[in-house]
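K.L.:
Fold the following and give me the result.
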Amino acid sequence: MVEDDSRFRVLACGRRWGKTRLGAALCLKVAMAGGRAWWIAPSYPMSMVGWRLIKTLVRPIPGINVRLSDKQILMPNDGEIRVRSADNPDSLRGEGLDFAVLDECAFMKEAAWIESVRPALSDRLGKAMFISTPKGRNWFWRSWLLGQDEQDSEWSSYQFPTSDNPFIADDEIEAARHGLPERIFRQEYLAEFLEDAGGVFRRVMDAATAEPQSKRVEGHDYIMGVDWGRSNDFTAITVLDMTTGELVALDRFTDIDYGIQVNRLKAMASRFQPMQIIAEQNSMGGPLVEQLQSSGLPVKGFMTTNPSKEAAIRALEGAFERDEIRILNDPVLIGELQAFEQELLPGGRYRFSAPEGLHDDTVMALAIAWYNLASTGPVVLW
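P.N.:
Reported below is the predicted structural model:
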């Protein structure tokens, strides 16, 4: 792998495999040949890990100039190494590069690579190495897939578990295997790109077996969930069969006025005659809920707050874990469920949302419907 001459190398590595030392050594090799190398990390604190190691590696070299404030090392032959943070991708613009290491890039914004680092390699035909522990199937995973394509000569990729490091005791790895949740061990120690890793919902694809229905089935009861779209968002409507726990219909649309949205909801309700419609009540949802209630539909408002959102999401998460729910194999819904994230806040609560630039409309429409179904209706355990 070290001798691999591919222009872009992608390394998915388990924790403590040694990827930081490898990347730092390659930066030093480029600088000693008179080239310009950058070490780029997702944040300033993470960049300090690489900076401390690089300073240690260059210490024996005579004539070097270490600029602490700039995190820059100048070689006597005009080669240089600079350590940067990708917090603000625009700050990486400017200089042409011979080599770049993107450290823990699974946790880095893709814009840092696409908009800043990749163009900086163009004038010198520079190379790059992507090193990280996986974090689900994000842009790092897509880059890794490029290296698996034998037809793409510019890219190569590798996967190394922690156990490849001879300095990590086998007993320690076995202790981690037994002491950690399986999916955490597989991601952090085996360097696997898990379908649901880093997200809230597991076993999404296992549940994607429900068949769509065009109208109600005699003897079955239904509940609907509605998440209203705002600017640049979508309105999503879900229909759950209360008898089987299956999602049987899904509608999603944007860029239409609220009158048409209400009519589309009414049409869906006419087909399934739900026992209850749970509709988001925040902001403009309040008047829409009142309008639907005045028309005789069994609508109940759902006020989305951090606590109520957490309760709904946790209920849906549990449904997937316990194999209680079946969903449509809809690519938008599947993608939103797999990408949905949680963030632990300082006060101990969680914030739930889609990753930056993505949507969670179908997730919320499904979650508020399931949350109310689990509270009121029968759920069949599969």
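K.L.:
Report the buried residues of stretch 67-74.
P.N.:
Using 16 or more other Cβ atoms under 10 Å as the test for burial, stretch 67-74 gives 71-74. Backbone N, C-alpha and C define where each C-beta goes, glycine included.
K.L.:
Need the residues that contact the host helix or strand of Lys266.
P.N.:
Counting by DSSP states H and E, the element that carries Lys266 is helix 258-272. With Cβ atoms under 8 Å, 6 or more residues apart in numbering as the test, helix 258-272 has contacts from 213-216, 222, 224, 226, 228-229, 235, 237, 239, 248-249, 251, 253, 277, 279, 284, 288, 291-292, 295, 297.
K.L.:
make it 6 Å
P.N.:
215-216, 222, 235, 237, 239, 297 (Cβ atoms under 6 Å, 6 or more residues apart in numbering).
K.L.:
Can I get it as PDB, trimmed to CA atoms?
P.N.:
What follows is helix 258-272, C-alpha atoms only, in PDB (Å, rounded to 0.1, in the frame of the first residue of the first chain):
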ATOM      1  CA  TYR A 258     -51.000  25.100   1.100                       C
ATOM      2  CA  GLY A 259     -54.400  24.800  -0.400                       C
ATOM      3  CA  ILE A 260     -53.200  22.100  -2.800                       C
ATOM      4  CA  GLN A 261     -51.300  20.400   0.100                       C
ATOM      5  CA  VAL A 262     -54.500  20.200   2.100                       C
ATOM      6  CA  ASN A 263     -56.400  18.800  -0.900                       C
ATOM      7  CA  ARG A 264     -53.700  16.100  -1.400                       C
ATOM      8  CA  LEU A 265     -54.000  15.100   2.300                       C
ATOM      9  CA  LYS A 266     -57.800  15.000   2.000                       C
ATOM     10  CA  ALA A 267     -57.500  12.700  -1.100                       C
ATOM     11  CA  MET A 268     -55.200  10.400   0.800                       C
ATOM     12  CA  ALA A 269     -57.600  10.400   3.800                       C
ATOM     13  CA  SER A 270     -60.600   9.700   1.500                       C
ATOM     14  CA  ARG A 271     -58.800   6.500   0.200                       C
ATOM     15  CA  PHE A 272     -57.900   5.100   3.600                       C
END
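K.L.:
Now do that helix: distance to the chain's middle.
P.N.:
33 Å (Cα atoms, centre = their mean, to the nearest Å).
K.L.:
repeat for stretch 212-219
P.N.:
35 Å.
K.L.:
State the mean pLDDT of that stretch.
P.N.:
Model confidence over stretch 212-219 averages 93 on the pLDDT scale.
K.L.:
buried subset of the contacts of helix 258-272?
P.N.:
Among the contacts of helix 258-272, those scoring as buried are 216, 222, 235, 237, 239, 297 (criterion: 16+ other Cβ under 10 Å).
K.L.:
where are the low-confidence patches of the chain?
P.N.:
Within the chain, the ranges that satisfy pLDDT under 70 run 151, 195-198, 230-232, 347, 356-358, 376-382.
K.L.:
Name the nearest residue to Arg21, sequence neighbours excluded.
P.N.:
Counting by Cβ to Cβ, 6 or more residues apart in numbering, Arg21 lies nearest to Leu53, which is 6.5 Å off, once chain neighbours are set aside.
K.L.:
if we can go back for a sec, and which of the contacts of helix 258-272 is nearest Arg177?
P.N.:
Val239 (42.1 Å; Cβ to Cβ).
K.L.:
Okay then, goodbye and thanks.
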